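Peer 1: structure for the following, please:
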Amino acid sequence: MTADKLESYLGERSRKETTIKGKVLNVIKEKGGWFTIDAGNGKTIAAHFAKYDVEIPADLKGKTVVVEGIVQKQSALTDQQKLAGQKQASDKTTNKLSIEVTGVMVE
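Peer 2: Numbering: from 1, shown residues only. Just a heads-up that it's a prediction; the model follows:
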C-alpha cells in the first residue's frame, strides 16, 4: 500500500507487519539505516533497520522505495503531565508512525 494510507490501515492496531511504498524524505543516519518516508498531509514515517550493520546511501533521498517491516504507532503526550499517570485537560496526544525495516527495494 502507499505510505499515505498506512495510518488508516492500522486503525486501532498499534503494530502490524506490512509492506509500504513511499518517497524517502531524508537519510538521517547512513550507518544503521535510519531514514524518513513521506506519509502525506505533512506526516512522516521514521524507518530504521533492525540490524545496525546495514548502511544505506545518502542519495536515497528523493527516491521512491518499497519497504517491508513491522509498523508501530507511538503515542506521546505533547505537554508534561502534572502527576504521573494522570492526563491533564491541556495534554494532547500525538501518534507517530515508525517501521522496523526487514527489506527495502528502490524503484
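Peer 1: quick one, strands of the chain?
Peer 2: 15-29, 34-40, 43-49, 64-77, 93-106 (DSSP state E).
Peer 1: give me the contact list for the second one.
Peer 2: What it means is strand 34-40. Residues outside strand 34-40 that contact it (CB atoms under 8 Å, 6 or more residues apart in numbering): 3-4, 6-7, 20, 22-28, 44-48, 56, 60-61, 65, 67, 97, 99. Using the backbone N, CA and C atoms, a C-beta is placed for each residue, glycine as well.
Peer 1: buried members of the residues you listed into PyMOL, please.
Peer 2: In PyMOL syntax, the buried subset of these is picked out as below (16 or more other CB atoms under 10 Å):
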select buried, resi 3+4+6+7+20+22+23+24+27+44+45+46+47+48+56+60+65+67+97+99
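Peer 1: leaving out chain neighbours, which residue sits closest to G33?
Peer 2: F49 (3.6 Å; CB to CB, 6 or more residues apart in numbering).
Peer 1: give me the pLDDT for the one you found.
Peer 2: We note a pLDDT of 91 for F49 in this prediction.
Peer 1: low-confidence ranges in this protein?
Peer 2: Scanning the chain for pLDDT under 70 picks out the ranges 75-95.
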